[in-house]
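Participant: got a predicted structure here, sequence first:
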Amino acid sequence: MADECTKVHQYGGQAVIEGVMMRGKNHFAVACRRANGEIVVTVEPVEKGILGKLKWLNKPFLRGALALIDTMVLGMKSLMWAANIAMEDEQAARTKEKE
């Protein structure tokens with residue numbers, strides 16, 4: 001039981017359009033609220049970044065800069081997914097107005 005209490009969990013996240021992205025060690029998930037109130041979720045594995053592929057880059061300054069780039073790429077991917085959900089809802093609303 002003591003081992004479970006001292007485990008280090010690596011989670012992080014960020015806000016996206018009408019939702020949130022959460023990242024764990026091996027996966028990330030994005031959840032967004034649609035205009036009708038439905039919650040849409042996607043879960044994907046986190047690919048090994050450049051640090052996981054090229055161990056010689058695991059130096060203090062490089063590690064931080066490359067981790068920042070990996071984080072920014074994942075954040076942009078999550079934001080684009082959320083933006084696509086919002087655009088689908090907006091297009092559906094416009095189509096409904098025209099009818």
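Facilitator: Ah, there it is.
Participant: so what's the residue count around residue 16?
Facilitator: When neighbours are counted by other C-beta atoms under 10 Å, residue 16 registers 20. C-beta: built from backbone N, CA, C; applies to glycine.
Participant: in which helix or strand does the closest residue to it other than its chain neighbours reside?
Facilitator: Leaving out its chain neighbours, the residue that sits closest to residue 16 by C-beta to C-beta, 6 or more residues apart in numbering is residue 82, at 3.8 Å. Assigned by DSSP states H and E, residue 82 belongs to helix 60-98.
Participant: state the mean pLDDT of that helix.
Facilitator: In this model, helix 60-98 carries a mean pLDDT of 89.
Participant: pull out the buried positions in it.
Facilitator: Going by neighbour count (16 or more other C-beta atoms under 10 Å), the buried part of helix 60-98 is 66, 70, 74, 75, 78, 79, 81, 82, 85, 86, 89.
Participant: that helix - contacts with which helices or strands?
Facilitator: Applying 3 or more C-beta pairs under 8 Å, 6 or more residues apart in numbering; DSSP states H and E, we find helix 60-98 packed against strand 12-16, strand 19-23, strand 27-33, helix 50-53.
Participant: from the chain's centre, how far out does it sit?
Facilitator: In terms of C-alpha atoms, centre = their mean, to the nearest Å, the centre of helix 60-98 is found 8 Å from the chain centre.
Participant: do the same with stretch 58-69
Facilitator: For stretch 58-69 - counting by C-alpha atoms, centre = their mean - the centre lies 19 Å from the chain centre.
Participant: for it, C-alpha coordinates in PDB please.
Facilitator: Presented in PDB, the C-alpha positions along stretch 58-69 are these (Å, rounded to 0.1, in the frame of the first residue of the first chain):
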ATOM      1  CA  ASN A  58      18.900  13.800 -23.800                       C
ATOM      2  CA  LYS A  59      21.100  16.600 -22.600                       C
ATOM      3  CA  PRO A  60      19.800  19.300 -20.100                       C
ATOM      4  CA  PHE A  61      19.200  22.200 -22.500                       C
ATOM      5  CA  LEU A  62      18.200  20.200 -25.500                       C
ATOM      6  CA  ARG A  63      15.900  18.000 -23.400                       C
ATOM      7  CA  GLY A  64      13.900  21.100 -22.300                       C
ATOM      8  CA  ALA A  65      13.700  22.700 -25.700                       C
ATOM      9  CA  LEU A  66      12.700  19.400 -27.400                       C
ATOM     10  CA  ALA A  67      10.100  18.600 -24.700                       C
ATOM     11  CA  LEU A  68       8.600  22.100 -25.200                       C
ATOM     12  CA  ILE A  69       8.300  21.400 -28.900                       C
END
